[in-house]
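**Student:** Have a look at this fold, sequence not included:
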């Protein structure tokens, strides 16, 4: 009897996690798609609001949840936008994965030290660094590309702070919802 | 009360009721001391890297011209001594540690030798009497740009 009960509880946990991640991926894909309509000076310079959902996944669950949301968001978003396997897809993918990895690791080790704002800023820097390296490695093999780095990093600092604040608000809100109560 | 917990503890409607004089306080309280330190550090790093990037870039190769004709291009990362035949005689150009300089030249004033080393993209050294010009180039990439 007891064993069955535990099994059910773990099943419930798994289903709950998958459902929540699916919701976060759907939201992130929507944000990613809408964001593509906002013009920026350089095509791959983005606000990265979809990263709010990655931070949320990392904060609610773990590293792998964040990576899942980041990866699937870029996949779904690129399919909707029709940029799948184009340069901007690879640039976006490298940035999303790099930021998810860095945020996941830093959240795990510096959870009490940094708020989500600090985590998000680290993620934004990782994302922009990865993007510039990807541009250099795959597309524009010219060291001139690294001249863009300061602009990218400065922009990343601003978007990182904004996304971090967004993440704090979203996580704060989500943790009050009955559906998410068991998670936290 | 607890600095870190504001973001978690308040729902949107509660925050909305607080908007006004305390709104900016909530946003500021969300940042921990470590956050502020990190942001300050990264801001300084970014500004520093910006000044680095705009201060000229290390060149890749040098192009040598003698009497208006191109003699050749040489990689800056390869140490070498290049003899260039000019109008007056042979100028020796020394490439060492990513920097190029006139080692000797058959001119009178030796302005070129005293000019010292060049290494940044676009820099130039010349021995005008011998009509030898050395230019630092950035090197060629495979593409200039990529469009989507």
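**Tutor:** Now that the structure is in, tell me what you want to look at. Note that this is a predicted model, so its numbers are computed, not measured.

**Student:** quick one: buried residues of the helix or strand harbouring residue A:33?
**Tutor:** Here residue A:33 sits within helix A:2-35, counting by DSSP states H and E. For helix A:2-35, a neighbour-count test (16 or more other Cβ atoms under 10 Å in any protein chain shown) marks A:17, A:20, A:21, A:24, A:25, A:27, A:28, A:29, A:30, A:31, A:32, A:33 as buried. C-betas here are computed from N, CA, C, even on glycine.

**Student:** is the strand or helix carrying residue A:92 anywhere near chain B?
**Tutor:** Here residue A:92, judged by DSSP H and E, is contained in helix A:87-110. Yes - counting by Cβ under 8 Å from any Cβ of the partner chain, chain B is contacted by helix A:87-110 at A:87, A:88, A:110.

**Student:** Show me what the helix or strand following the helix holding residue A:33 is packed up against.
**Tutor:** Once the chain leaves helix A:2-35, the next helix or strand it forms, by DSSP H and E, is helix A:51-60. Counting contacts by 3 or more Cβ pairs under 8 Å, 6 or more residues apart in numbering or on different chains; DSSP states H and E, helix A:51-60 packs against helix A:2-35, helix A:63-81, helix A:87-110, helix A:116-134, helix A:149-174.

**Student:** okay, the angle between the second one and helix A:116-134?
**Tutor:** Between the axes of helix A:63-81 and helix A:116-134, defined by axes from the mean of the first three to the mean of the last three Cα atoms, to 10 degrees, the angle is 60 degrees.

**Student:** quick one, helix A:63-81 and helix A:51-60 angle?
**Tutor:** Using the same axes, to 10 degrees: helix A:63-81 against helix A:51-60 is 160 degrees.

**Student:** now the longest one
**Tutor:** Angle between the axes of helix A:2-35 and helix A:51-60 is 160 degrees (criterion: the same axes, to 10 degrees).

**Student:** quick one: is helix A:2-35 near chain B?
**Tutor:** No - applying Cβ under 8 Å from any Cβ, one finds helix A:2-35 separated from chain B by no less than 15.6 Å.

**Student:** average pLDDT for that helix?
**Tutor:** What helix A:2-35 shows for mean pLDDT is 83.

**Student:** Can you give me the domain assignment for chain B?
**Tutor:** Following automatic domain parsing, one gets these domains for chain B: B:5-53, B:61-137.

**Student:** quick one: secondary structure of residue B:95?
**Tutor:** strand (DSSP: H, G, I helix; E, B strand; the rest coil).

**Student:** quick one: it and residue B:82 touch, right?
**Tutor:** Yes - counting by Cβ atoms under 8 Å, residue B:82 is a contact partner of residue B:95 at 6.9 Å.

**Student:** Find the residues that touch each one of those two.
**Tutor:** Residues touching both residue B:95 and residue B:82 (Cβ atoms under 8 Å, 6 or more residues apart in numbering or on different chains) are residue B:74.

**Student:** does chain A sit close to the longest helix along chain B?
**Tutor:** Longest helix in chain B by number of residues, with DSSP state H as the criterion: helix B:33-54. Yes - under the criterion of Cβ under 8 Å from any Cβ, chain A is reached by helix B:33-54 at B:34-35, B:38-39, B:42-43, B:45-47, B:49-50, B:52-53.

**Student:** Buried ones among those?
**Tutor:** When neighbours are counted using 16+ other Cβ under 10 Å, those contain these buried positions: B:35, B:38, B:39, B:42, B:46, B:49, B:50, B:53.

**Student:** Same list (the residues you listed) but as a markdown table, adding distance to residue A:54.
**Tutor:** Converted to a markdown table, these look like this (distance: Cβ to Cβ, whole Å):
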| residue | distance to residue A:54 |
| --- | --- |
| B:35 | 18 |
| B:38 | 18 |
| B:39 | 19 |
| B:42 | 19 |
| B:46 | 22 |
| B:49 | 25 |
| B:50 | 27 |
| B:53 | 29 |
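
**Student:** low pLDDT regions in the chain?
**Tutor:** Looking at chain A here, since you left the chain open. Counting by pLDDT under 70, chain A has low-confidence residues at A:1-7, A:42-44, A:142-144, A:182-184.

**Student:** should've been chain B
**Tutor:** Those would be B:1-28, B:52-57, B:139-148, if you go by pLDDT under 70 across chain B.
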